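Participant: Here's my sequence, what's the structure:
(2 chains)
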Amino acid sequence: MLESILTGLSGLVIGINYLFSQGLPNVVMLLVGGLLIYLGVKKEVEPLLLVPIGFGCLLVNIPLSDLMEEGGLLRTFYNMGISNELFPLLIFIGIGAMTDFTPLLENPRILLLGAAGQFGIFLTLLLALALGFPELEAVSIAIIGACDGPTAIYVTSQYAPQLLGAVSVAAYSYMSLVPIIQPPIMRLLTTSRERTIKMGAVNKTVSARTRLLFPIVVTCVTGLIAPKGLPLMGTIMLGNFMKECGVVARLTGASQNEIANMVTLFLGLAIGGTMEGHAFLKPQTLAIFALGFVAICVDTAAGVCFGKLMCALSGGKINPLIGAAGISAYPMAARVVQVQGQRYDKKNFLLMHAMGANTGGQIGSVMAAAVMLSVLKGMHMI
Amino acid sequence: MDNWRFGLTMMIVGMGGTILTLWILSLLMSLLKKIFPVASEQDPPKSSR
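Facilitator: As a prediction, the model looks like this:
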């Protein structure tokens, strides 16, 4: 009887024994999970993502809980929406339903800033290859430079699922650090005269019909050019079309709120579930974070430099600072431009122009990912 | 295919493809604005009698 009681009791300490014998990586990741929760709750750094990711990280690193084993809670979330890419696409419908492309349609040429803002992706790809990452892993790491969480998750879950935790956390962390990362680069690359260029008020020249047709045209054109990326562009444009057509308010509302909120929770927990200590704590994780940082810095620099080029070509009518908004971190990057512009001239209002570049950055990041996937397909690598 | 050739191909075709696609989109956006101007949606002014 005593023996059986002792055997039963041993089941209660097996987890603690594991933690002390071979669980150092789990202990470190429990601290990392705690840090993510702290950043989300106390510093409000992307709390909607970092809180569930942090909690998922805690759950999966408590030894022998089997939450990521087949049939476990986190594995179920993972299979439900990450291994089949469903969750990022559902989030994209919500993003499309929340985005107003009018500032971009007012001045279509600033869409090119959204292309320049993706340069970091391709440079980082080269750096990742130089560091020895295999091709598809390098593509997944480079996509952090899209500054677009769902796109990074979509690409990584398909081609390098073993890196999903590191890539997702890096992407969302750097997106939230945009107000810290971008201003020094913007100041470094512009003169004080350029920073004070006024761009005037945005005219209201976009009709409702143009706004309605825009998502359909974008879907068809980009789908024909880069069909592998159509799920990404198609869902963001579906959300936007539902918003603009105005006859499916309930669906638009559900996409913006209930669906987006529920999916964000499941997505965060499932990503946290990929952060098990023994799999996550590797030198390559640090390399991924470093490369992601480089990608976002280069994106910003390329956007500002292209803004300078447009400034020169337009005879000084475009403020190069708005080039920094050519990344996908929406609307944070646009706000950074507004703040920086007003820092040098209180009467300079760049927000609507920066919003145009920022929505261009959203389209640009999705397009860059779509083009990459289609090129990979063309090279028979996927 | 070696790593450098792969990386440079992705960079040239990828960045070039992105710029080209977005340039085409910007032209189409301008075209849409021309075909469907704001004025065409406004009600015609009522004649005053």
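
Participant: list the buried ones in the strand or helix carrying A:Leu309?
Facilitator: Using DSSP states H and E, A:Leu309 sits in helix A:283-313. Across helix A:283-313, burial judged by 16 or more other C-beta atoms under 10 Å in any protein chain shown covers A:284-285, A:287-289, A:291-308, A:310-311. C-betas here are computed from N, CA, C, even on glycine.

Participant: Keep these, but drop any that are not near chain B.
Facilitator: Of the residues in the buried residues of helix A:283-313, proximity to chain B by C-beta under 8 Å from any C-beta of the partner chain holds for none.

Participant: Point out the residues in the stretch 51-200 of chain A that sit beside chain B.
Facilitator: So the stretch 51-200 of chain A meets chain B at A:104-105, A:108-109, A:111-112, A:114-116, A:118-119, A:121-123, A:125-126, A:129-130, A:135, A:138-139 (C-beta under 8 Å from any C-beta).

Participant: follow-up on the earlier one: give the next helix or strand downstream of the helix holding A:Leu309.
Facilitator: Next element after helix A:283-313 (DSSP H and E): helix A:332-344.

Participant: right, and the helix or strand after that following helix?
Facilitator: Taking DSSP H and E, what comes next after helix A:332-344 is helix A:351-378.

Participant: Could you tell me the angle between that next one and helix A:332-344?
Facilitator: Going by axes from the mean of the first three to the mean of the last three C-alpha atoms, to 10 degrees, helix A:351-378 is angled at 140 degrees with respect to helix A:332-344.

Participant: doesn't A:Ala357 make contact with A:Phe101?
Facilitator: No - counting by C-beta atoms under 8 Å, A:Phe101 does not reach A:Ala357; the two are 11.9 Å apart.

Participant: Mind checking if the biggest helix by length in chain B is in reach of chain A?
Facilitator: Longest helix of chain B, by residue count under DSSP state H: helix B:3-35. Yes - applying C-beta under 8 Å from any C-beta, one finds helix B:3-35 touching chain A at B:3-4, B:6-11, B:13-15, B:17-19, B:21-30, B:32-33.

Participant: Mind telling me what element the residue in the stretch 151-300 of chain A positioned nearest to chain B is part of?
Facilitator: For the stretch 151-300 of chain A, the residue closest to chain B is A:Arg209, as judged by C-beta to the nearest C-beta, at 4.1 Å. Using DSSP H and E, A:Arg209 falls within helix A:208-225.

Participant: Can you mark which positions in that helix are buried?
Facilitator: Buried, per 16+ other C-beta under 10 Å, within helix A:208-225: A:209-215, A:217-219, A:222-223, A:225.

Participant: Tell me the one of those nearest A:Gln256?
Facilitator: A:Gln256 lies nearest to A:Pro215 out of the buried residues of helix A:208-225, by C-beta to C-beta, at 15.5 Å.

Participant: Please tell me how far that closest one sits from A:Phe241.
Facilitator: 4 Å (C-beta to C-beta, to the nearest Å).

Participant: between the two, what contacts are shared?
Facilitator: Residues touching both A:Pro215 and A:Phe241 (C-beta atoms under 8 Å, 6 or more residues apart in numbering or on different chains) are A:Gly96.

Participant: quick one: low-confidence parts of chain B?
Facilitator: Flagging of chain B using pLDDT under 70 yields the residue ranges B:1, B:40-49.

Participant: Pick out the residue of the stretch 51-200 of chain A closest to chain B.
Facilitator: A:Pro108 (3.8 Å).

Participant: For that residue, give me its contacts.
Facilitator: B:Leu25, B:Ser26, B:Leu27, B:Met29, B:Ser30, B:Lys33.

Participant: Take those residues and lay them out in TSV including distance to A:Lys377 and neighbour count.
Facilitator: Compiled in TSV, the contacts of A:Pro108 are given as follows (distance: C-beta to C-beta, whole Å; neighbours: other C-beta atoms under 10 Å in any protein chain shown):
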residue	distance to A:Lys377	neighbour count
B:Leu25	21	26
B:Ser26	26	21
B:Leu27	26	13
B:Met29	27	24
B:Ser30	31	14
B:Lys33	34	19
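
Participant: Max pairwise distance over the residues you listed: which two?
Facilitator: Farthest pair in the contacts of A:Pro108, by C-beta to C-beta: B:Leu25 and B:Lys33, 12.7 Å.

Participant: so how many other residues sit close to A:Gly200?
Facilitator: 8 (other C-beta atoms under 10 Å in any protein chain shown).

Participant: Quick check: buried residues in the longest helix of chain B?
Facilitator: In helix B:3-35, counting by 16+ other C-beta under 10 Å, buried: B:3, B:6-7, B:10-11, B:13-15, B:17-19, B:21-22, B:25-26, B:28-29, B:32-33.

Participant: Tell me the secondary structure at A:Gly200.
Facilitator: coil (DSSP: H, G, I helix; E, B strand; the rest coil).

Participant: And it, its phi and psi?
Facilitator: Main-chain dihedrals, A:Gly200, degrees, to the nearest 10: phi 70, psi 180.

Participant: ok, the host helix or strand of A:Asn240 near chain B or not?
Facilitator: Using DSSP H and E, A:Asn240 sits in helix A:230-245. No - for a cut-off given as C-beta under 8 Å from any C-beta, helix A:230-245 has no contacts with chain B; the smallest distance is 10.1 Å.

Participant: quick check: angle from that helix to helix A:351-378?
Facilitator: 150 degrees.

Participant: after helix A:230-245, next one along is what?
Facilitator: Following helix A:230-245 in sequence, per DSSP H and E, is helix A:249-254.

Participant: Check which helices and strands the following helix or strand past that following helix sits against.
Facilitator: Going down the chain from helix A:249-254, the next helix or strand is helix A:260-273, by DSSP H and E. Applying 3 or more C-beta pairs under 8 Å, 6 or more residues apart in numbering or on different chains; DSSP states H and E, one finds that helix A:260-273 contacts helix A:47-61, helix A:73-81, helix A:86-98, helix A:164-176.
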